[in-house]
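Asks: The following block contains a protein sequence and its predicted model.
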Amino acid sequence: MRLGLKFFEELPWNDAAGVPIVGGRTALDLGEITDDDRLATMAAHALRECVASPIPTARHPGEPPAPLLLCLPTSDPDLPGRPTADLLAVLAATSDAPIDLSASRAFASGRAAVFEAMNEAARMLADRSAAAVYLGGVDSLVDAGTLDRRLRAGRLKTSTAEGVIPGEGAVFVRLVREGEPGALATVASIGRNHEEHARGAGQSTAGAGLAKAARAALASAGILAAELGAIIHDAGDRVSFREVSLAIARLRPRAEPPPLITTTAACAGELGAAYGPFALGLAAFFLARDVINGATLVLGSGEDAGHGAAVLTRPSQGRGAH
């Protein structure tokens, strides 16, 4: 759930050159709500929509409380922020479904947080400590406080030559065990690796760590790179596009015709920690609506050089699925 993208628009702030910053805000009227209160408001709205989903795998009466696994921005050293336990408690209290707060966790590592969260979800579903898991992410780069701090610290560049389009969003997906009827897609495998340098370190990377994560995910799923119908990635600026392009070029054998390659930044801007669940939902949509033939590969890079990949297939394909 993307909270109704309003399309890109000029934000009420200028960059260092005095040029208005273009960003992608949600359709929610958040007014002056900032920082953690903004994240909590968006996440609560997204969770309610996920719980109310009419799809066949939606929650059924009598189902036990489900844990929340929440992807959050990397901790900002300049802002203490609300403890994650408080944020999880707020979401549990405002949810229309019973939430197992004791088993809920937050993963504060930005874009790559989703891969750690998916591993935790797989464990919970495999050992039957949970019948379902709500996995979500929330972030905002258009929040006035966050945007100002990142611009001043040089952690966000918005020039058209090299920068990103800041965005915001909150997304939740519901994960269940393999075999439950009505699933839109299957998460067949997850791969993780590290790049030598983080994206924000000012040093170029050759995409080796991201490619290794992708190869690990493909091998675990028993799928060749040539069988991919789509690749979804998080690149939104010149440096990250170079890294992703080099990583994809390392994958063999190549598919013919080439797979659809798309970035979520093209339609939503930089989503930060909300990227992963958004990409999973987009991949599931591609598969459920027969937009593509073959499996979908989701790629993601964290600010700390942590990289991840996940392979999604139609429910009857792949192995090691959950």
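Replies: Great, that's in hand. Numbers count the residues shown, from 1 in each chain.
Asks: Not counting its own residues, what contacts stretch 287-296?
Replies: 184-185, 188, 221, 223, 227-232, 255, 259-260, 283, 285-286, 311-314, 317-318 (CB atoms under 8 Å, 6 or more residues apart in numbering). All C-beta atoms are positioned from the backbone trio N, CA, C, and that covers glycine.
Asks: Next, the buried residues of it.
Replies: Residues of stretch 287-296 classed as buried by neighbour count (16 or more other CB atoms under 10 Å): 287, 294-296.
Asks: Send me it as PDB with only the CA atoms.
Replies: Extracted as PDB, the C-alpha positions of stretch 287-296 are listed here (Å, rounded to 0.1, in the frame of the first residue of the first chain):
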ATOM      1  CA  LEU A 287       3.200 -12.200 -11.100                       C
ATOM      2  CA  ALA A 288      -0.500 -12.300 -10.200                       C
ATOM      3  CA  ARG A 289      -1.600 -10.200 -13.200                       C
ATOM      4  CA  ASP A 290       0.700 -12.100 -15.700                       C
ATOM      5  CA  VAL A 291       2.500  -8.900 -16.500                       C
ATOM      6  CA  ILE A 292       5.700 -10.900 -17.000                       C
ATOM      7  CA  ASN A 293       6.700 -14.500 -17.800                       C
ATOM      8  CA  GLY A 294       9.200 -16.000 -15.400                       C
ATOM      9  CA  ALA A 295      10.400 -15.200 -11.900                       C
ATOM     10  CA  THR A 296      11.000 -11.700 -10.400                       C
END
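Asks: what mean pLDDT does it have?
Replies: Mean per-residue pLDDT for stretch 287-296: 94.
Asks: quick one: terminal-to-terminal distance for stretch 98-113?
Replies: Stretch 98-113 has an end-to-end distance of 24 Å (criterion: CA to CA, to the nearest Å).
Asks: Would you mind putting the CA coordinates of the helix of greatest length in the chain into PDB?
Replies: The longest helix of the chain (DSSP state H) is helix 35-51. Only the C-alpha atoms of helix 35-51 are listed here, as PDB (Å, rounded to 0.1, in the frame of the first residue of the first chain):
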ATOM      1  CA  ASP A  35       9.700  12.800  12.300                       C
ATOM      2  CA  ASP A  36       8.500   9.700  14.100                       C
ATOM      3  CA  ASP A  37       4.900  11.000  14.400                       C
ATOM      4  CA  ARG A  38       4.800  11.200  10.600                       C
ATOM      5  CA  LEU A  39       6.100   7.700  10.300                       C
ATOM      6  CA  ALA A  40       3.700   6.300  12.900                       C
ATOM      7  CA  THR A  41       0.700   8.000  11.100                       C
ATOM      8  CA  MET A  42       1.600   6.600   7.700                       C
ATOM      9  CA  ALA A  43       2.400   3.100   9.000                       C
ATOM     10  CA  ALA A  44      -0.800   2.900  11.000                       C
ATOM     11  CA  HIS A  45      -2.800   3.800   7.900                       C
ATOM     12  CA  ALA A  46      -1.000   1.300   5.700                       C
ATOM     13  CA  LEU A  47      -1.400  -1.500   8.200                       C
ATOM     14  CA  ARG A  48      -5.200  -0.900   8.500                       C
ATOM     15  CA  GLU A  49      -5.500  -1.100   4.700                       C
ATOM     16  CA  CYS A  50      -3.400  -4.400   4.600                       C
ATOM     17  CA  VAL A  51      -5.600  -6.000   7.300                       C
END
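Asks: buried set for it?
Replies: By neighbour count on 16+ other CB under 10 Å, the buried set for helix 35-51 is 35-36, 38-48, 50-51.
Asks: just to revisit the earlier point, could I get the buried residues of stretch 287-296 as a markdown table with secondary structure and distance to residue 239?
Replies: Formatted as a markdown table, these follow (DSSP: H, G, I helix; E, B strand; the rest coil; distance: CB to CB, whole Å):
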| residue | secondary structure | distance to residue 239 |
| --- | --- | --- |
| 287 | helix | 30 |
| 294 | coil | 29 |
| 295 | strand | 28 |
| 296 | strand | 24 |
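Asks: Quick check: the farthest pair among those residues?
Replies: Across the buried residues of stretch 287-296, the two members that end up farthest from each other (CB to CB) are 287 and 294, 9.3 Å apart.
Asks: give me the low-pLDDT residue ranges for the protein?
Replies: Counting by pLDDT under 70, the chain has low-confidence residues at 1-7, 55-61, 76-83, 153-163, 197-204, 305, 316-322.
Asks: Roughly how far does the residue nearest in space to the middle of it sit from residue 165?
Replies: The chain has residue 276 as the residue nearest its centroid, 1.3 Å off, counting by CA atoms, centre = their mean. According to CB to CB, to the nearest Å, residue 276 and residue 165 sit 18 Å apart.
Asks: I am finished for the moment; much appreciated.
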